[in-house]
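**Student:** predicted model, plus sequence, below.
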Amino acid sequence: MRIIIIGAGPGGYETAVEAAKRGLEVTLVTDGPLGGTCLNEGCIPTKTFCHYAGLIEEMKKAEALGITAAPAFDFSKVLERKQAVVQQLQDGIGMLMRNKLITVVEGHASLKDARTVIVNGEEYVGDKIIIAVGSVSASLPIPGADLPGVITSREILDLPEVPKRLAVIGGGVIGLEFASIFKSFGSEVTVLEYAPTILPRFDVDLAKRLKLALGKRGIAIETAAQVTGIYKVDGGLSVTYLTKNGEAAVEADKVLMAVGRRANLDALNLSDMGIEFTRRGITVDANMQTNVPGVYAVGDVLGQMMLAHAATFQGLRALNHICGEADSIDFAVIPAAVFTMPEAATVGMTEEEAKEKGMAIKCLKSMFRANGKAVSMDDTEGFCKLIVAEEDGRLLGCHLFGPHSADIVQEIAALLNKRATLAELQSVIHAHPTLGEVIQSAAHSA
Ligand code: NAD
């Protein structure tokens with residue numbers, strides 16, 4: 001069977017590799033570099049920045065811990081290493097493509113029909129097509145949104161120097177990650193968030209506590225702030241916004257627009273093909289198939305969970321359907337992390353969602369300050385919260401922030417996937433001393 005995949009991000013290239021492993025003949029079409037947004041202008045370069053930001057924060061604490069260091073920060077080296085990391089991983093994907101005999105076609109794809117893709121004027125025919133063309137940064141329809149100095153999450157990764165003052169519009173995942181990074185790099189950072197809390201879709205308790213923790217690091221965060229315009233002023237830009245106390249403004253050298261991403265719907269001639277989509281994204285069924293049989297769509301272009309790992313598993317679901325294989329992937333259990341300092345992570349139902357559904361729940365909490373490993377690391381900011389159904393003790397969700405939260409949350413993702421109960425979690429022995437014991441402590445706080 002021949003399969004054509006359009007897009008080389010985690011939705012596209014991972015699916016291509018898996019399809020090739022299963023003996024399918026795979027053509028991967030991309031008009032951008034291998035690895036897509038995640039590798040080239042998203043998760044990976046951002047995490048390289050995060051690593052540096054973490055080192056800087058560690059060094060700030062070193063003296064109090066008895067180590068005298070004289071840190072000097074060369075931002076050009078950070079940029080160099082970020083690029084080297086991206087290149088290394090991109091080369092790795094290139095090698096995978098060659099090893100798996102995947103045909104990579106560079107160019108912009110358009111769909112001719114449910115079997116045919118046109119690239120650079122040439123026709124490629126497949127038995128199935130998977131669309132994985134991702135998303136692009138969204139902007140606000142406000143005056144000044146296109147002024148020089150107003151940048152996206154892609155452009156902030158290539159700034160030649162650290163801005164003295166950074167204003168961030170949007171206190172979502174991207175906004176907070178860059179706020180946290182650039183605060184460590186030395187910028188004065190202000191975040192303006194429209195919703196009453198940062199990370200609006202996250203557990204409110206977690207969002208409030210994380211806001212306090214970021215505030216303690218000196219990041220100014222204004223919630224319930226409606227940005228009204230960006231204006232050029234002497235020496236920079238001024239971002240005006242409305243709060244319940246009236247109009248206010250913050251001045252900055254750079255303004256990061258981080259108000260979400262939108263599905264890349266313009267990339268293909270979807271309407272001509274009769275492929276159904278909404279303003280949010282392409283419409284698919286549970287097997288990731290569009291209304292046109294044989295054409296599938298996965299990842300950010302669906303406008304649902306814009307997460308690299310969600311895209312990868314959606315691709316796997318599509319492939320399983322194509323190959324006639326059943327799977328037990330549970331799309332209700334998708335862990336997500338926010339790589340701020342401290343780091344935050346979430347999986348499953350929030351307290352608010354459970355209450356909206358009228359479920360009787362209990363919330364079990366523990367604090368990193370009572371965790372021996374966190375104390376040894378001098379990294380005790382944070383908490384962990386488990387959501388448990390009163391009725392049958394079923395685990396419903398976990399929300400935490402603190403050191404290595406993104407790794408810790410995986411345990412609960414596995415348990416949610418297996419529909420485990422609190423009693424089952426309580427009987428799992430956790431190694432001591434580990435940060436993962438925050439889960440055990442929360443579970444035993446019942
Ligand atoms: P987001 O939806 O997470 O956050 C956007 C924020 O902007 C929201 O909090 C929203 O309330 C706010 N906003 C919207 N309009 C506003 C306005 N007029 N004024 C002020 N604030 C406004 O989107 P994002 O942070 O841009 O990220 C895009 C996608 O990429 C998300 O789906 C995110 O999950 C994903 N992503 C994930 C990771 C990760 O997993 N670590 C990292 C980066 C991005």
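**Tutor:** The structure has been received and is ready for your questions. Numbering: from 1, shown residues only.
**Student:** dump stretch 316-323 to PDB, restricted to CA.
**Tutor:** The C-alpha atoms that make up stretch 316-323 are tabulated as PDB, following Å, rounded to 0.1, in the frame of the first residue of the first chain:
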ATOM      1  CA  LEU A 316      -0.700   6.200  14.900                       C
ATOM      2  CA  ARG A 317      -4.400   5.900  15.200                       C
ATOM      3  CA  ALA A 318      -4.800   6.900  11.500                       C
ATOM      4  CA  LEU A 319      -2.200   4.400  10.500                       C
ATOM      5  CA  ASN A 320      -3.900   1.600  12.600                       C
ATOM      6  CA  HIS A 321      -7.200   2.400  10.900                       C
ATOM      7  CA  ILE A 322      -5.500   2.300   7.500                       C
ATOM      8  CA  CYS A 323      -3.900  -1.100   8.300                       C
END
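**Student:** how many residues are close by the residue in the stretch 151-300 of the chain that the ligand sits nearest to?
**Tutor:** At 1.7 Å from the ligand, residue 172 is the closest residue in the stretch 151-300 of the chain, using CB to the nearest ligand atom. Quick note: C-beta positions are derived from backbone N, CA and C, even for glycine. Using other CB atoms under 10 Å, residue 172 is surrounded by 22 other residues.
**Student:** and the pLDDT at it?
**Tutor:** The model reports residue 172 with a pLDDT of 98.
**Student:** that one: what's it in contact with?
**Tutor:** Residues touching residue 172, when contacts are defined by CB atoms under 8 Å, 6 or more residues apart in numbering, comprise 193, 198, 199, 200, 258, 259, 260.
**Student:** same check on residue 158?
**Tutor:** residue 79.
**Student:** rerun that using 10 Å as the cut-off
**Tutor:** When contacts are counted by CB atoms under 10 Å, 6 or more residues apart in numbering, residue 158 touches 41, 45, 79, 82, 83, 151.
**Student:** next one: residue 365
**Tutor:** Residue 365 makes contact with 205, 383, 384, 385, 386, 399, 400, 438, 441, 442, 445, according to CB under 10 Å, 6+ apart.
**Student:** the helix ranked longest in the chain: which residues count as buried?
**Tutor:** For the chain, the helix with the greatest residue count under DSSP state H is helix 75-99. Going by neighbour count (16 or more other CB atoms under 10 Å), the buried part of helix 75-99 is 78, 79, 82, 85, 86, 89, 90, 93, 96, 97.
**Student:** name the nearest of those residues relative to residue 373.
**Tutor:** Distance to residue 373, by CB to CB, is smallest for residue 85 among the buried residues of helix 75-99, at 27.4 Å.
**Student:** so the closest one versus residue 425, what's the distance?
**Tutor:** Here the criterion is CB to CB, to the nearest Å. By it, residue 85 lies 36 Å from residue 425.
**Student:** who's in contact with the closest residue to the ligand within the stretch 301-446 of the chain?
**Tutor:** Checking the stretch 301-446 of the chain residue by residue against the ligand with CB to the nearest ligand atom singles out residue 306 as nearest, at 3.3 Å. Residue 306 makes contacts with 37, 42, 134-135, 173-174, 260-263, 281, 299-300, 336, as judged by CB under 10 Å, 6+ apart.
**Student:** which strand or helix spans it?
**Tutor:** For residue 306, there is no enclosing helix or strand under DSSP states H and E.
**Student:** what helices and strands are in contact with the worst-scoring helix or strand of the chain on mean pLDDT?
**Tutor:** Lowest by mean pLDDT, DSSP states H and E among the helices and strands of the chain is helix 270-273, with a mean of 91. Helix 270-273 sits against strand 109-111, strand 295-297, with contacts defined as 3 or more CB pairs under 10 Å, 6 or more residues apart in numbering; DSSP states H and E.
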